[in-house]
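Chemist: Predicted coordinates and the sequence they were generated for:
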Amino acid sequence: MGEQQHVTFPQEVIDEYAALGVDLPALFSAGHLGTRMGVQIVEASAERVVGTMPVEGNTQPYGLLHGGASAVLAETLGSVGSMLHAGSSKIAVGVDLNCTHHRGVRSGLVTGVATPLHRGRSTATYETVISDEAGRRVCSARLTCLLRDVNPGDGEHLRTTG
């Protein structure tokens, strides 16, 4: 739990970030919170981001997948998609997250698939569908990110994150 799998990125995105000295897999990982929760990003592009998360360790007192855990997965995937859409000159910052929980899950792995609803110059909105291992929808989420310009100090932070 917590080890990042290899993420598939478009070659032009890899080249863009490599020119800036930024470790792309670290930048688009699930971060420290996602790592503790076992989030794994398995595919990433501006058109589609896919990630998984174990139910075990992410439950509420009744033994069901915690709604906040689903929110972490959805915000992670939507943020990655927003960052890939925005490019290396911008940073995606979540400003609105809405989650609807459809069914409980007690075990196994859930998979989230984030796809864009809107990709503009200043905002991006992604819908994430989280499903259980049987393909049943567990949660529907929508994340809107503000796409702001990179500030001078942001580049150093991006190089040391991960």
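Modeler: Thanks, I have it.

Chemist: Just the buried residues of stretch 51-71, please?
Modeler: If you call a residue buried by 16 or more other C-beta atoms under 10 Å, then stretch 51-71 has these buried ones: 51-55, 58-59, 64-66, 69-71. Any C-beta I mention is one placed from the backbone N, CA and C, and that applies to glycine too.

Chemist: Quick one: residues contacting residue 124.
Modeler: 81-82, 85-86, 92, 116, 118, 144-145, 147 (C-beta atoms under 8 Å, 6 or more residues apart in numbering).

Chemist: just to revisit the earlier point, okay, and which of the buried residues of stretch 51-71 map to helices?
Modeler: The members of the buried residues of stretch 51-71 that map onto helices under DSSP state H are 69-71.

Chemist: out of those, which one sits closest to residue 17?
Modeler: Set against residue 17, the nearest of these by C-beta to C-beta is residue 71 (26.9 Å).

Chemist: how far away is the closest one from residue 107?
Modeler: To residue 107, residue 71 is 20 Å away according to C-beta to C-beta, to the nearest Å.

Chemist: ok, residue 90 touching residue 151?
Modeler: No: shown here, residue 90 and residue 151 do not form a contact pair, counting by C-beta atoms under 8 Å, at 10.7 Å.

Chemist: Pick out whichever of those two has more residues nearby.
Modeler: Between residue 90 and residue 151, counted using other C-beta atoms under 10 Å, residue 90 has the larger neighbour count: 20 against 9.

Chemist: Just grab the bridge partners of the more buried one for me.
Modeler: Note on residue 90: beta-bridge partners residue 149, judged by DSSP bridges.

Chemist: For this structure, which segments count as strands?
Modeler: Taking DSSP state E as the test, the strands found in the chain are 40-44, 49-54, 90-101, 109-119, 123-131, 137-149.
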